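> Pasting the sequence and the predicted coordinates here, then a few questions.
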Amino acid sequence: MSLSSVFNIAGTGMSAQTTRLNTVASNIANAETVSSSVDQTYRARHPVFATVLADQAGGSTGDSGSLFDDQGVAGQGVQVNGIVEDQSNLEARYEPNNPAANKDGYVYYPNVNVVEEMADMISASRSFQTNADIMNTAKTMMQKVLTLGQ
């Protein structure tokens, strides 16, 4: 693995964590929205990540410093495969005075757990910061290499 590929790998990690932070923000923003039907109620969303392998990225496999999967293919970063909706049950509350209540007096709340979302937000933020630190360290190492000949 060349030192310059560290920037690409960390960059894909930062991009993935940005998507994760955006979905967490969307979940928290919609945590208390109500609807009169199950079909119209907001459902929590979660990103699905996958490893970008060297053969997918057009790189070579078998570099001595690379991390390999079970088939010996080097990982070259991460990508977001998509965003899925959480299919767990929604919370139905009897609130007949709520303007969004259905004919039976029930409103449906999203399946968003704000505490879990906050923990996920902290994790994504720290992962983003770790990738930024990796880029800064790689930059410093490259600068040191340039001064070796002086």
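Nice, I can see it.
> Can I take it that Q76 is in a helix?
No: following the definition DSSP: H, G, I helix; E, B strand; the rest coil, Q76 is strand and is not counted among the residues of a helix.
> For the remainder of this discussion, apply numbering that starts at 54.
Sure thing, new numbering starts at 54, so read that last one as Q129.
> Tell me where this structure has helices.
Using DSSP state H, the helices of the chain run over 58-82, 107-110, 167-199.
> worst-scoring helix or strand of this protein, pLDDT-wise?
Every helix and strand of the chain was ranked by mean pLDDT, DSSP states H and E. The lowest is helix 107-110, at a mean of 60.
> do you know how far the spatially most central residue of the chain is from K197?
A centroid search over the chain (Cα atoms, centre = their mean) returns R73, at 2.8 Å, as the residue closest to the centre. Per Cβ to Cβ, to the nearest Å, R73 is found 33 Å from K197. To be clear about C-beta, it is placed using only N, CA and C from the backbone, and glycine gets the same treatment.
> next one: T190
The gap separating T190 from K197 is 11 Å, by Cβ to Cβ.
> Same check on A191?
Here A191 is placed at a distance of 11 Å from K197 (Cβ to Cβ).
> same deal with R146?
Noted for R146: a distance of 61 Å to K197, by Cβ to Cβ.
> Would you mind telling me which of those two has the busier surroundings?
Higher neighbour count among R146 and K197: R146, with 12 against 9, using other Cβ atoms under 10 Å.
> OK, contacts around that one?
By Cβ atoms under 8 Å, 6 or more residues apart in numbering, the contact list for R146 reads Y159, V160, Y161, Y162.
> Also P149?
With contact taken as Cβ under 8 Å, 6+ apart, P149 is in contact with G158.
> And the pLDDT for it?
For P149, the pLDDT comes out at 92.
> now swap in the one 3 residues further on and tell me
The confidence metric pLDDT takes the value 92 at P152.
> What of V126?
The pLDDT attached to V126 in the predicted structure is 58.
> Then the one 3 residues further on?
Listed pLDDT for Q129 reads 86.
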